[in-house]
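Asks: give me the fold of what follows.
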Amino acid sequence: MVISKRAKRFALEESAFARSNYITERGQCFVKPSHGADFLRPDRIRQSPSAKTMNNQKRSWRAISLALTLAATISLAFFAGCSPANLDGAAKRAVAVKAISPHLPFGNPSEAGSDTNNQLVLRQQFAASWNAKKRVANWVAWRLVASDIGDTERSQFYADPEIDTPTPKDYTRSGYDRGHLCPSKDRSDTPENNKAVFTMLNILPQSPACNRGPWEKA
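Replies: Next comes the predicted model:
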C-alpha cells in the first residue's frame, strides 16, 4: 500500500499530539497543535488555566499562613512579657489589690496586709489600713461616682464589729469631733452604704474648726 507524504505527515502530527498530553511536576500541561517538528519545544508548552489557579491559591494560603504564624508569635511574646511571672513583688501586689478592690485602682499605698499596725481592711464601701497601736486608720481610700450621692439621712456612730476600734463614747468631752475619713455624703445613696462609713474604723479625731469647716465643705 502506498502512503502519500501528506498522510504520513498527518499521522506523525497526531502521534506527536497524543504523546504531548502528559503530567509534569508543575501540573497538567498541554501542547498547542503546530506544524513541524518543533511543536514539542518547551517554549510551546504552557500550564492549563486550572493548574495556574491552583498554584495561585497555594501561594495565597502560604502567605496567609505565614502572616498568622507571625501574628501569633508576636501575641505570645507580648502576653509573656506582661504575665504576672515577669512582674516584681510590688507590681504583683498592686495587680492583686486592684483585682479585689475597686477602691485601690493605683495599688496599695502602704502595702498593707496582715501586719497589726498596717492591716488591710476591705469593705464594699471603702478600703483602709488599720493601725492597732494607734487605734486609728493609717489611711482610707474610696471610689466616688455620681451615683454614690443621694439623700439618705446620716447614720449613727458605732464600734466596728471586726476591728478593735474606739467606741463613740471615747470622744465624749475629749475636745475632738468624730471626723469621717470617707465622708458621709460620699455614701448617701443607700442607708446600708451610709451606715458602713459610720464605723469607728472610718473615724479620726478632728478639731471642730476643721471638721465643721473646711473638711465638711471639701
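Asks: in contact with the nearest residue to residue 200 once chain neighbours are set aside: list those residues for me.
Replies: Spatial nearest neighbour of residue 200, excluding adjacent residues (Cβ to Cβ, 6 or more residues apart in numbering): residue 165 at 3.9 Å. C-beta coordinates here come from the backbone N, C-alpha and C atoms, glycine included. Contacts of residue 165 were listed using Cβ atoms under 8 Å, 6 or more residues apart in numbering, and they are 135, 159, 199, 200, 201, 203.
Asks: adding secondary structure, write these out as TSV.
Replies: Shown next, in TSV, are those (DSSP: H, G, I helix; E, B strand; the rest coil):
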residue	secondary structure
135	coil
159	coil
199	strand
200	helix
201	helix
203	strand
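Asks: picking that back up, quick check, pLDDT for the residue nearest to residue 200.
Replies: pLDDT, the model's per-residue confidence, is 97 for residue 165.
Asks: ditto for residue 70
Replies: The per-residue pLDDT of residue 70 was computed as 62.
Asks: for the chain, which residues score under the pLDDT cut-off?
Replies: Residue ranges of the chain with pLDDT under 70: 1-60, 63, 65-67, 69-98.
Asks: in it, which spans are helices?
Replies: 5-20, 49-82, 89-100, 191-196, 208-211, 214-217 (DSSP state H).
Asks: in the fourth one, which residues are buried?
Replies: Right, helix 191-196. The neighbour-count check on helix 191-196 (16 or more other Cβ atoms under 10 Å) flags 193, 194, 195, 196 as buried.
Asks: what separation do you get for the second one and residue 68?
Replies: So that's residue 194. Counting by Cβ to Cβ, to the nearest Å, the separation of residue 194 from residue 68 is 55 Å.
Asks: for residue 134, list the residues it contacts.
Replies: residue 117.
Asks: please renumber so the chain begins at 19
Replies: Let's use 19 as the start, then, which means that last one is residue 152.
Asks: quick revisit: Throw the buried residues of helix 209-214 into JSON lines and include distance to residue 169, thanks.
Replies: Listed next are the buried residues of helix 209-214 as JSON lines, based on distance: Cβ to Cβ, whole Å:
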{"residue": "211", "distance to residue 169": "13"}
{"residue": "212", "distance to residue 169": "10"}
{"residue": "213", "distance to residue 169": "15"}
{"residue": "214", "distance to residue 169": "17"}
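Asks: between the residues you listed, which sits nearest residue 147?
Replies: Taking Cβ to Cβ as the measure, residue 147 lies nearest residue 214 of these, at 16.9 Å.
Asks: what about the residue nearest to residue 166 when sequence neighbours are not counted, how many residues nearby?
Replies: Leaving aside its sequence neighbours, residue 166 sits nearest to residue 207 (Cβ to Cβ, 6+ apart; 5.3 Å). Number of residues near residue 207 (other Cβ atoms under 10 Å) recorded here: 16.
Asks: and residue 207, what does it touch?
Replies: Counting by Cβ under 8 Å, 6+ apart, residue 207 has contacts 165, 166, 167, 168, 170.
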